[in-house]
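Visitor: Sequence isn't available, so here's the structure alone:
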């Protein structure tokens, strides 16, 4: 088995809180902050809504920030 030697992240974002090996590994590694996004039941519908909007030329939930924040986000 190939194992990567990487530092333990302080934050971990997961897309489903149930039965996920990545989440168990993060908990076992004592990650300081574990955040869950949408649950699977909601995620597929939301993704479809976003993609349909893009096909129709609409951007849903556009996020805008000031120029300085945008510059640092691109680093």
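Guide: It's in. This is a predicted model, so every value here is computed, not measured. Numbering: from 1, shown residues only.
Visitor: burial count for residue 46?
Guide: Look at residue 46: counted by other C-beta atoms under 10 Å, it has 13 neighbours. No exception for glycine: its C-beta is placed from N, CA and C like everyone else's.
Visitor: Please read the previous query as pertaining to residue 50.
Guide: Other residues within reach of residue 50, judged by other C-beta under 10 Å, total 14.
Visitor: where are the low-confidence patches of this structure?
Guide: 1-44 (pLDDT under 70).
Visitor: could you measure residue 46 against residue 75, distance?
Guide: Spatial separation of residue 46 from residue 75 under the definition C-beta to C-beta, to the nearest Å is 28 Å.
Visitor: Residue 63 too?
Guide: The span separating residue 63 from residue 75 equals 18 Å under the rule C-beta to C-beta.
Visitor: tell me which element the nearest residue to residue 60 once chain neighbours are set aside falls in.
Guide: Leaving aside its sequence neighbours, residue 60 sits nearest to residue 53 (C-beta to C-beta, 6 or more residues apart in numbering; 4.6 Å). Here residue 53, judged by DSSP states H and E, is contained in helix 40-55.
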